[in-house]
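Enquirer: Give me a model of this one.
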Amino acid sequence: MLRWIFDTLVGGAAYDLFKHYAEYALGSLIMAILGTTVLRYAFHKLQERREQIFFFCGTFLACVVLFVSIGSGPQQPNLVGSVQQVTTGQNAVSDRDTYAVFTVGIVNTGSMQSIIKQWRVQAKAQGNTYEGVIMPMQRDFTFSNIPRISEDQPESVTYKAQDDIVQKGLFPIQTGAFLQGLIVVIFKNVDPTVFKGSVEYEVSYEDALSNKYTMPIKYNGQMGNFPLVPGLHTEAVCRTASWQPPPPDVTGSISTPAAPSTGVPQLNFTPIQRPH
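Expert: Just a heads-up that it's a prediction; the model follows:
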């Protein structure tokens with residue numbers, strides 16, 4: 001009776017081990033055979049049968065433990081993101097609302113693909129917290145009448161709807177993939193002057209397993225240049241230059257090829273004097 005119970009338990013454990021960890025056992029078996037063979041024939045070690053058995057068993061068990069510990073980890077995404085740029089301004093229709101465009105980049109460093117959901121944007125300024133309303137982009141969005149702080153500052157910047165990361169994030173991001181795009185946010189009944197001082201923004205989102213991520217960033221409210229982020233379809237209308245480039249200091253000329261002659265060529269011929 002005891003022997004039957006022992007055989008049943010051992011057989012069941014072996015079956016479960018082979019069923020769930022067959023690939024680990026096979027890989028460990030190959031590594032153990034390969035290691036034993038190399039040491040025996042290439043380095044002339046493990047000449048005795050007992051040494052070979054001990055080394056084979058130790059290598060096999062070590063590889064099983066290593067493979068199981070590495071392969072049994074949970075499969076989950078890890079969406080690491082950062083806010084690269086923030087632009088705020090007014091809308092021509094309502095001067096009581098503030099619009100903000102966030103340029104965001106996210107990379108999946110986890111072990112499984114995932115979508116992005118539950119976007120949220122908050123702004124903290126002057127001791128108050130303002131909740132932003134995310135607006136899905138149905139058409140292009142333009143900031144115009146941008147203050148001129150340098151010769152390189154554009155008059156207007158147009159963000160393209162095809163870069164909307166809220167919609168792009170609905171498609172799974174593969175492991176190791178990088179996703180970049182825009183978030184258009186409306187702060188309703190918030191005067192744009194609120195964002196001219198020090199502002200702390202926090203963009204948050206979740207992956208497919210409802211793990212939450214945050215991207216905090218702090219701005220001083222000062223006007224800066226509009227760099228065009230590579231990979232996006234943002235368009236900028238440049239201003240007319242107020243200065244003219246100086247004339248070049250180097251001048252050159254290209255020689256004109258001579259026209260072909262139309263006359264009969266003149267030949268110089270001297271007859272050979274022959275002896276009489």
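Enquirer: Every contact and neighbour count from this point should use C-alpha atoms.
Expert: OK.
Enquirer: quick one: contacts for the residue nearest to residue 199 when sequence neighbours are not counted?
Expert: Counting by CA to CA, 6 or more residues apart in numbering, residue 199 lies nearest to residue 125, which is 4.9 Å off, once chain neighbours are set aside. By CA atoms under 8 Å, 6 or more residues apart in numbering, the contact list for residue 125 reads 194-195, 197-200.
Enquirer: do the same with residue 123
Expert: Counting by CA under 8 Å, 6+ apart, residue 123 touches 129-132, 199-202.
Enquirer: repeat that for 7 Å
Expert: Contact analysis of residue 123 by CA atoms under 7 Å, 6 or more residues apart in numbering lists 129-131, 199-202.
Enquirer: Show me the helices in the stretch 51-200 of the chain, by range?
Expert: Per DSSP state H, counting those that start in this stretch, the stretch 51-200 of the chain carries helices over the ranges 165-168.
Enquirer: Under the pLDDT cut-off, which ranges of it? List them.
Expert: Low-confidence segments of the stretch 51-200 of the chain, defined by pLDDT under 70: 67-73, 91-94.
Enquirer: where does residue 33 land in three-state SS?
Expert: When classified by DSSP: H, G, I helix; E, B strand; the rest coil, residue 33 comes out as helix.
Enquirer: Next one: the nearest residue to it once chain neighbours are set aside relative to residue 35, how far apart?
Expert: Closest residue in space to residue 33, ignoring its immediate chain neighbours: residue 56 at 6.8 Å, by CA to CA, 6+ apart. Distance of residue 56 to residue 35, computed by CA to CA, to the nearest Å: 8 Å.
Enquirer: Please report how far the residue nearest to residue 33 lies from residue 42.
Expert: Using CA to CA, residue 56 is found at 16 Å from residue 42.
Enquirer: Surely residue 60 and residue 29 touch.
Expert: Yes. At 5.9 Å, residue 60 counts as touching residue 29 under the criterion of CA atoms under 7 Å.
Enquirer: Which one of the two is surrounded by more residues?
Expert: residue 60 (22 against 19; other CA atoms under 10 Å).
Enquirer: coming back round to it: present the contacts of residue 125 as a markdown table; the columns should include distance to residue 90 and neighbour count.
Expert: Shown next, in a markdown table, are the contacts of residue 125 (distance: CA to CA, whole Å; neighbours: other CA atoms under 10 Å):
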| residue | distance to residue 90 | neighbour count |
| --- | --- | --- |
| 194 | 12 | 15 |
| 195 | 11 | 22 |
| 197 | 16 | 13 |
| 198 | 18 | 14 |
| 199 | 17 | 19 |
| 200 | 19 | 17 |
